[in-house]
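S.K.: I would like the atomic coordinates for the input below:
(one chain, ligands or ions: 1)
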Amino acid sequence: MKEPTSKQLFLHSMTRCMEDDTFIPTFYERLLNASDEVRAKFRFTDFDKQNAMLRRSLLLCAEATAGRTEALREVNERATTHDRDHLNIEPHLYAVWTDTLIATASDFDLQWNADVEAAWRKILGHVVQQMIRRY
Ligand code: HEM
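M.R.: This next block holds a predicted model:
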């Protein structure tokens, strides 16, 4: 049997996490508690909208890492909104974001294992690198 790709492992794991409506709110609660600096960035955020946004962002990461042109274009747009002249998301904040997301996913996905974690790290890491490069 063919090994699943990172994209398949990631999307299936993400789907399992999202079956629980508390997954995304739990992630944001943990992210905001990570530091005052993170909390300050989200001080004007409407979290009802942000929850749907995160879901879209994760799908975007999967498509961009698979090399889909449309997704790569959108990552560039997101890199601009997050750069030093706009939201000013400093590079070190991406590590907090990634680690918090992966720790939360590992708590929610009952089938979590080393291969699944490697898939999350690969897919998020690819997009995070692009965002940081354009900071
Ligand atoms: C690969 C990583 C990320 C992706 C794909 C992503 C994606 C997005 C998207 C799609 C939006 C809404 C549209 C926009 O303003 O561009 C957004 C908004 C935002 N993001 Fe990110 N983001 C990422 C990482 C981060 C990190 C690391 C932080 C800070 C710790 C952050 C903080 C914010 C804030 C503060 C907003 C504005 C929320 C509001 O409307 O108040 N993002 N992000």
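
S.K.: can I assume R134 is in contact with T80?
M.R.: Yes - assessed by Cβ atoms under 8 Å, R134 is found in contact with T80 at 7.1 Å. (C-beta placed from N, C-alpha, C; glycine too.)

S.K.: Now the most centrally placed residue in the chain. Nearest residue, chain neighbours left out?
M.R.: For the chain, the residue whose C-alpha lies nearest the mean C-alpha position (Cα atoms, centre = their mean) is L58; its distance is 5.2 Å. Leaving out its chain neighbours, the residue that sits closest to L58 by Cβ to Cβ, 6 or more residues apart in numbering is M14, at 5.5 Å.

S.K.: try T81
M.R.: The shortest distance from T81 to any residue other than its chain neighbours is 5.9 Å, reached at L87 (Cβ to Cβ, 6+ apart).

S.K.: The one you found - how many residues pack around it?
M.R.: Under the neighbour criterion other Cβ atoms under 10 Å, L87 is assigned a count of 14.

S.K.: who touches K7 in this structure?
M.R.: Contact partners of K7, counting by Cβ atoms under 8 Å, 6 or more residues apart in numbering, are 62, 65-66, 119, 123.

S.K.: which among these gets closest to the ligand?
M.R.: The shortest distance between the ligand and any of those, using Cβ to the nearest ligand atom, involves I123 and amounts to 9.7 Å.

S.K.: Which pLDDT value goes with the closest one?
M.R.: I123 is assigned a predicted lDDT (pLDDT) of 97.

S.K.: I'd say it and A62 touch.
M.R.: Yes - contact criterion Cβ under 8 Å: I123 and A62 qualify, at 5.6 Å.
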